[in-house]
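**Q** Sharing a model prediction with you, sequence too.
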Amino acid sequence: MKPAMKTVAKCISRAVSAGALVAAASAAHAQTVTIAMLNNPDMIELKKLSPAFEKANPGVKLNWVILEENVLRQRATTDITTNSGQFDVMMIGTYEAPQWGKRGWIVPMTNLPASYDLDDVVKTARDGLSYNGTLYALPFYVESSMTYYRKDLFDKKGLKMPEQPTYDQIRDFADKLTDKSAGTYGICLRGKAGWGENMAYVTTVANTFGGRWFDEKWQAQLTSPEWKKAVNFYVDMLKKDGPPGASSNGFNENLTLMSSGKCAMWIDATVAAGILYNKQQSQVADKIGFAAAPTEVTPNGAHWLWSWALAVPKSSKSQDAAKKFIEWATSKEYVQMVAQDEGWASVPSGTRISTYQNPEYKKAAPFSDFVLKAIQTADPTHPTAKPVPYTGIQFVGIPEFQSFGTVVGQSVAGAVAGQMSVDQALTAGNAAANRAVAQAGYQK
């Protein structure tokens with residue numbers, strides 16, 4: 001090699017080495033942001049697209065901890081109450097955000113850049129994640145509940161789904177549509193135990209049957225005629241027309257059953273619409289119809305309001321980087337990224353007015369206006385026909401609820417599995433609820 005070429009080669013070698021050292025040093029000093037995340041399809045998509053954030057923010061490395069819903073809630077609650085600082089970003093909901101914000105456990109979502117356009121975020125979502133006017137989490141998606149059904153199966157039987165079905169109609173449809181020899185079940189519903197799993201749905205059934213968790217004096221009402229009628233209805237319908245092993249099925253399991261053509265009807269979160277209408281993810285995308293969540297004696301509390309949102313624990317040592325990630329994950333730009341990757345029907349729903357004004361979204365998501373209306377009309381301040389001392393449609397907005405709500409969920413799941421009667425399940429649940437609020441000093 002000629003001397004001049006040797007010199008050039010040495011220079012290139014030094015430059016490469018220097019570049020490698022800079023990259024190594026950068027990696028060594030990168031802030032790690034650990035994210036406690038739900039294992040739903042929308043969140044899996046977030047992880048898939050997250051290298052774009054890391055590329056734009058080379059000083060930040062994302063560490064994902066993806067968990068099943070009940071486990072996520074348990075891990076997040078333990079971390080926040082013990083101040084252990086294990087997570088920098090937590091996926092929490094409208095139950096936790098106001099309570100944890102009130103206690104100073106999570107960082108306020110203030111001083112957002114103008115480009116974030118906070119006013120574009122649906123007001124119902126912002127209000128549900130706030131305490132005393134301060135926002136404590138940013139919504140990743142917002143949902144209510146609705147009825148999904150197979151139009152082809154209804155047509156085959158000469159049935160017509162009303163815009164607002166009653167539960168009596170749903171039961172009749174389920175009876176007529178169940179064909180176990182063909183592996184088709186008339187109804188799929190949440191049966192998996194958990195305050196945010198089976199009890200989120202069961203509470204809406206109890207609400208619309210005229211029930212409430214507590215009366216004005218915080219006396220538990222789970223043994224009332226309304227609750228007994230509602231839970232007996234739910235258990236009987238699942239046993240007769242539901243899939244086998246229904247007591248193990250939560251949102252994800254029922255989503256799989258519905259999208260693979262096993263369910264004639266499913267009553268659950270509006271967020272599932274984007275997946276069920278996505279031909280890449282659903283075998284019945286062109287056969288899905290939708291209607292409002294069913295009612296019985298009252299519309300109060302018949303459809304829920306929930307947001308899966310992202311928050312920064314006060315114990316995080318990477319608060320600025322964590323907040324920056326949350327801003328990116330809930331931004332207009334992120335919505336566009338999902339649209340490009342999965343199609344407009346699959347973008348995070350219920351969060352931004354601009355999404356619902358987008359002609360491409362309206363075209364891809366025939367359910368869009370319906371879902372937005374369901375979200376905006378859900379009223380956590382009047383969740384039942386009778387007066388109650390709490391807020392929350394599918395939950396009771398007090399810290400103790402996740403404990404006794406889970407206990408009640410286990411009893412109700414036991415009734416679905418045939419391990420106990422509905423009366424036994426509700427008697428045990430009523431005692432647990434009364435004990436919890438009495439110990440906490442709510443009962444006077």
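**A** Okay, I see it.

**Q** only C-alpha atoms for contact and neighbour calcs from this point on.
**A** Noted.

**Q** Phi first, then psi, for Leu135.
**A** Per-residue torsions, Leu135: phi -80, psi 130 (degrees, to the nearest 10).

**Q** Quick check: pLDDT value at it.
**A** Leu135 is assigned a pLDDT of 98 by the prediction.

**Q** Confirm for me that it is in contact with Arg126.
**A** Yes. Counting by Cα atoms under 8 Å, Leu135 touches Arg126, with 6.7 Å between them.

**Q** Correct me if wrong: Ala374 contacts Ser144.
**A** Yes. Look at Ala374 against Ser144 with Cα under 8 Å: they come within range, at 6.0 Å.

**Q** what pairs with the residue nearest to the spatial centre of the chain across the strands?
**A** Centroid-nearest residue in the chain: Trp308, 5.0 Å away (criterion: Cα atoms, centre = their mean). Here Trp308 sits in beta bridges with Tyr141, as judged by DSSP bridges.

**Q** roughly how far apart are Leu46 and Val33?
**A** To Val33, Leu46 is 15 Å away according to Cα to Cα, to the nearest Å.

**Q** who's more crowded, the two?
**A** Neighbours per residue (other Cα atoms under 10 Å) separate Leu46 from Val33, with Val33 holding more: 24 against 17.

**Q** Excluding chain neighbours, what is closest to the more buried one?
**A** Leaving aside its sequence neighbours, Val33 sits nearest to Leu62 (Cα to Cα, 6 or more residues apart in numbering; 5.0 Å).

**Q** What are the boundaries of the strands in the stretch 301-444 of the chain?
**A** Per DSSP state E, counting those that start in this stretch, the stretch 301-444 of the chain carries strands over the ranges 306-311.

**Q** do the stretch 151-300 of the chain as well
**A** 265-269, 288-292.

**Q** Let's have those strands in CSV, adding mean pLDDT.
**A** As requested, these are exported to CSV (pLDDT from 0 to 100):
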stretch, mean pLDDT
strand 265-269, 98
strand 288-292, 97
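
**Q** which one of the ones you listed is the most hemmed in?
**A** Among those, strand 265-269 has the highest mean neighbour count (mean count of other Cα atoms under 10 Å), at a mean of 25.

**Q** what angle sits between it and strand 306-311?
**A** 40 degrees (axes from the mean of the first three to the mean of the last three Cα atoms, to 10 degrees).

**Q** who does the host helix or strand of Ile66 pair up with?
**A** Following DSSP states H and E, one finds Ile66 within strand 60-67. The pairing partners recorded for strand 60-67 under DSSP bridges are strand 31-38 (parallel).

**Q** Kindly export the partner strand (C-alpha atoms) in CSV.
**A** These are the backbone C-alpha positions of strand 31-38, laid out as CSV (Å, rounded to 0.1, in the frame of the first residue of the first chain):
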residue,chain,number,x,y,z
GLN,A,31,-31.3,7.2,30.4
THR,A,32,-33.4,4.0,30.7
VAL,A,33,-37.1,4.6,30.9
THR,A,34,-38.9,1.4,32.3
ILE,A,35,-42.5,1.1,31.2
ALA,A,36,-45.2,-1.0,32.9
MET,A,37,-47.5,-1.8,30.1
LEU,A,38,-50.7,-3.7,29.4
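
**Q** And the contacts of that strand?
**A** For strand 31-38, contacts defined as Cα atoms under 8 Å, 6 or more residues apart in numbering pick out 43, 59-69, 72, 76, 86-91, 318, 321-322.

**Q** what's near enough to touch Gly392?
**A** Contacts for Gly392 (Cα under 8 Å, 6+ apart) come out as 95, 380-381, 383.

**Q** just curious, which of those residues is nearest to Val297?
**A** Nearest to Val297 among the contacts of Gly392, counting by Cα to Cα, is Pro383 at 13.5 Å.

**Q** what's the nearest residue to that closest one if we skip its chain neighbours?
**A** Among residues not flanking Pro383 along the chain, Gly301 sits closest, at 4.4 Å (Cα to Cα, 6+ apart).

**Q** Next up, phi/psi of that neighbour, please.
**A** Dihedral angles (degrees, to the nearest 10) for Gly301: phi 70, psi 10.

**Q** can I see the domain layout of the protein?
**A** Here the domain parsing of the chain from automatic domain parsing is 31-143+306-364, 145-303+386-439.

**Q** Distance-wise, check the nearest residue to Phe154 once chain neighbours are set aside relative to Gly289.
**A** Leaving out its chain neighbours, the residue that sits closest to Phe154 by Cα to Cα, 6+ apart is Lys160, at 6.5 Å. According to Cα to Cα, Lys160 stands 11 Å off from Gly289.

**Q** And Trp105, by the same measure?
**A** 42 Å.

**Q** do the same with Asp120
**A** 29 Å.

**Q** coming back round to it: please identify every residue contacting each of Ala374 and Ser144.
**A** His303.

**Q** higher neighbour count, those two?
**A** Counted by other Cα under 10 Å, Ala374 and Ser144 do not tie: Ser144 has more neighbours, with 25 against 22.

**Q** Angles on the backbone of the more buried one, please.
**A** Torsion angles, degrees, to the nearest 10, at Ser144: phi -120, psi -160.

**Q** wait, doesn't it sit right on Ile375?
**A** Yes. Here Ser144 reaches Ile375: they are 5.2 Å apart, a contact under Cα under 8 Å.

**Q** Report the set of residues contacting both of those two.
**A** Residues touching both Ser144 and Ile375 by Cα under 8 Å, 6+ apart: Leu305.

**Q** pretty sure the residue nearest to Pro383 contacts Thr377?
**A** No. Using Cα under 8 Å, Gly301 is not in contact with Thr377, being 10.3 Å away.

**Q** Looking at these two now, which is surrounded by more residues?
**A** Gly301 (29 against 14).

**Q** so who does the more buried one touch?
**A** With contacts defined as Cα under 8 Å, 6+ apart, the neighbours of Gly301 are 204, 207-208, 378-380, 382-384, 393-394.

**Q** TSV please, covering the residues you listed and showing distance to Phe173 and pLDDT.
**A** Formatted as TSV, those follow (distance: Cα to Cα, whole Å; pLDDT from 0 to 100):
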residue	distance to Phe173	pLDDT
Thr204	20	98
Asn207	22	98
Thr208	19	98
Ala378	26	92
Asp379	28	91
Pro380	29	93
His382	30	94
Pro383	27	96
Thr384	26	97
Ile393	26	97
Gln394	25	97
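
**Q** Selecting buried members of these in PyMOL, what would you type?
**A** Buried subset of the contacts of Gly301, written as a PyMOL selection, criterion 16 or more other Cα atoms under 10 Å:
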select buried, resi 204+207+208+378+379+380+382+383+384+393+394
